[in-house]
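S.K.: Okay, here's the prediction I keep looking at, along with the sequence it came from:
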Amino acid sequence: MVATVTNSNLDRLGNFSSLYQMCYFKNIRKLVCLFAVACVLMGQSWADDQDFMEEFLKREYSLAKPYRGLGFSSSSQWDLMGTAMVTPDHVRLTPDLQSRQGAVWSRIPFYLRDWELKVHFKIHGLGKKNLNGDGLAIWLTKDRMQNGPVFGNMNQFTGLGIFVDTYPNADKYHDRSFPYVSVMLGNGSLSYDHDHDGRLSELGGCTAMARNAIYDTFLLVRYSKNRLTLMVDVDGKQDWKDCADITGVRLPLGYFFGASSATGDLSDNHDIISMKLYQLTVEKSPEEEEEEEVLIPSVDNMEHFRVEVEEEGMSGVQFFFTVLFSILGLGVLAVVGLMVYSRWKENRRKRFY
């Protein structure tokens, strides 16, 4: 009896063991399939996000701690201008004082066709919101070391400008919050319009709460295959947020990288912590490799990006006073006219006597 029960239990145990193995292997197969599908999807996503094979840090175009190669010596790779000064932790373009301009410019002309620039910056000060200014700019331009009204650089520049604007000059539009990051491409004749916060020449942009941020703040500019992409990371999530994506951008070679800032009646500290330039290795077709040399910066279908800005009309108060003074003016003219006519009539009457 005992032997019978034992054999029966062993048979049951064998059946359970084989069933467990079948289920175990089925689950493993499912897990393997799911893992393979996930890898394929992730691979496609990475391919969509990164159409380049490798990236290499180019130190000759980069600015980072301990800021060697920056100064006024003949061996320096970067020049300081205006109020810009070097500290162990950052390059301060302007202090939190009124009417200051400062900049840092690379001495080496830039000849890479596909690249990525990562900028670590900080804007901070004691002023309250909208009582601070004016912002900073990142440049890739034909001319360097030029003072001017566009965040400390010349107007009607030739090249690329990335602006971090912290003060709204055109309050009436209310179509964006500040700080606002924008992209402009200058051809030597196009002007940046401060009164409209650059809306007329803006190619794209986004709001980025980068002032007095408790986290590190970054910009990422990528240029590859005539496509310019701008991303920001200002909220400490270590995740890039899309800011602007512009196709058909054509940039000449031999321009200079730089960063500048300016303060006016309002002020802030504007610091550059690092500017790291990476060369991108990109697969290109023979047609893309034989692309003609670009002499003047341009954008395909530029009119598509142009923002229409309505002219400012008169307010109700302005209209009232305009009408009032017009009526008063007409009244004064009428009185003077009557006086002249009366005197003329009196003189004429005297002639008959």
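M.R.: Received, thanks. All of these numbers come straight from a predicted model, not from anything done at the bench.
S.K.: Helix, strand, or coil at Ala334?
M.R.: helix (DSSP: H, G, I helix; E, B strand; the rest coil).
S.K.: Per-residue pLDDT of it, please?
M.R.: Note on Ala334: pLDDT of 81.
S.K.: cool, the one 5 residues further on as well?
M.R.: For Met339, the model assigns a pLDDT of 82.
S.K.: tell me the SS of it?
M.R.: Quick answer, by three-state DSSP: Met339 is helix.
S.K.: residues in contact with it?
M.R.: Contacts for Met339 (C-beta atoms under 8 Å, 6 or more residues apart in numbering) come out as none. For every residue, glycine as well, the C-beta is placed using N, CA and C.
S.K.: Helices along the stretch 251-353 of the chain, start to end?
M.R.: 286-289, 302-305, 316-352 (DSSP state H, counting those that start in this stretch).
S.K.: Out of those helices, which gets the lowest mean score?
M.R.: Of all these, helix 302-305 has the smallest average pLDDT, which comes to a mean of 57.
S.K.: and Ala213, helix, strand or coil?
M.R.: Classification of Ala213 by three-state DSSP places it in coil.
S.K.: Does it touch Pro179 like I think?
M.R.: No: if you go by C-beta atoms under 8 Å, Ala213 and Pro179 don't touch, sitting 9.5 Å apart.
S.K.: Of the two, give the one with the bigger neighbour count.
M.R.: Comparing Ala213 with Pro179 by other C-beta atoms under 10 Å, the one with more neighbours is Pro179, at 25 against 16.
S.K.: Please report how far that one lies from Cys206.
M.R.: Separation of Pro179 from Cys206 (C-beta to C-beta, to the nearest Å): 10 Å.
S.K.: How far does stretch 278-295 stretch from one end to the other?
M.R.: 23 Å (C-alpha to C-alpha, to the nearest Å).
S.K.: same question, stretch 246-265
M.R.: Stretch 246-265: ends 34 Å apart by C-alpha to C-alpha.
S.K.: Go ahead and measure how far that stretch is from the middle of the chain.
M.R.: 10 Å (C-alpha atoms, centre = their mean, to the nearest Å).
S.K.: for stretch 194-209, same thing?
M.R.: The answer for stretch 194-209 is 9 Å, by C-alpha atoms, centre = their mean.
S.K.: and if you look at stretch 326-334?
M.R.: That offset, for stretch 326-334, works out to 53 Å (C-alpha atoms, centre = their mean).
S.K.: export that stretch as CSV, just CAs?
M.R.: What follows is stretch 326-334, C-alpha atoms only, in CSV (Å, rounded to 0.1, in the frame of the first residue of the first chain):
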residue,chain,number,x,y,z
SER,A,326,-7.8,119.6,-33.2
ILE,A,327,-11.1,121.3,-32.3
LEU,A,328,-9.2,123.9,-30.2
GLY,A,329,-6.8,124.5,-33.0
LEU,A,330,-9.6,125.0,-35.5
GLY,A,331,-11.3,127.4,-33.0
VAL,A,332,-8.2,129.5,-32.7
LEU,A,333,-7.8,129.6,-36.4
ALA,A,334,-11.4,130.7,-36.8
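S.K.: tell me which residues of that stretch are tucked away?
M.R.: When neighbours are counted by 16 or more other C-beta atoms under 10 Å, no buried residue of stretch 326-334 is found.
S.K.: list the contacts for the nearest residue to Ser106 once chain neighbours are set aside?
M.R.: Excluding the flanking residues, the one nearest Ser106 by C-beta to C-beta, 6 or more residues apart in numbering is Phe257, at 4.5 Å. Contact analysis of Phe257 by C-beta under 8 Å, 6+ apart lists Tyr61, Trp105, Ser106, Phe110, Leu117, Ile138, Trp139, Leu140, Met275, Leu277.
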